[in-house]
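[1] no FASTA, just this:
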C-alpha cells in the first residue's frame, strides 16, 4: 500500500480533480483520506504502532475499492483489493503480534 499512497501523495494536485467520490464529500477530500490510509496508516502497520486502529481506514478503503470500484468481483479485477481487505481485517482481529512497537510499549 505504501507505494500506492506515495504515488497519490506526490501527484495529489493532478489526481484530485478526477478522483472517485463514493461518499459524496468531494474528490479532493476523498483522495486526501485515501492518501492518509494508504500511506500513513500503512506505515503505522509496518512499524507495528497502533496497528488495530491503523487497519480501520485501510479496511474502509479496500472495501470501497472492492465493492464500489470492482463491483465485488473477487476473482478478477478486484482480486488484489479482496486480498488486502481480508489481510487488514485479519490484522484488526488478530492484533499486532509479538514483534511490534505496540507489544514493546505494552498496549
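    Nice, thanks for sending it over. In this text, all values refer to a predicted model and were calculated from it rather than measured experimentally.
[2] Count the neighbours of the spatially closest residue to residue 68 that is not a sequence neighbour for me.
    Counting by Cβ to Cβ, 6 or more residues apart in numbering, the nearest residue to residue 68 once its immediate chain neighbours are dropped is residue 22, at 4.9 Å. In short, each C-beta sits where N, CA and C put it, glycine included. Applying other Cβ atoms under 10 Å, we find 11 residues neighbouring residue 22.
[3] per-residue confidence for residue 22?
    We have a pLDDT of 89 for residue 22.
[4] list the contacts for it?
    The neighbourhood of residue 22, defined by Cβ atoms under 8 Å, 6 or more residues apart in numbering, consists of 30, 64, 68.
[5] Among these, which ones are in helices?
    With DSSP state H as the criterion, helices contain 30, 64 from among the contacts of residue 22.
[6] Next, format the contacts of residue 22 as CSV and append distance to residue 6 and neighbour count.
    CSV is the format used below for the contacts of residue 22 (distance: Cβ to Cβ, whole Å; neighbours: other Cβ atoms under 10 Å):
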residue, distance to residue 6, neighbour count
30, 18, 19
64, 20, 19
68, 23, 13
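[7] Grab the longest helix from this structure for me.
    Criterion DSSP H: the longest helix present in the chain is helix 79-94.
[8] quick check: mean pLDDT across the following helix or strand past that helix?
    Scanning forward in sequence from helix 79-94, with DSSP states H and E defining helices and strands, the next element found is helix 101-105. Per-residue pLDDT values over helix 101-105 give a mean of 86.
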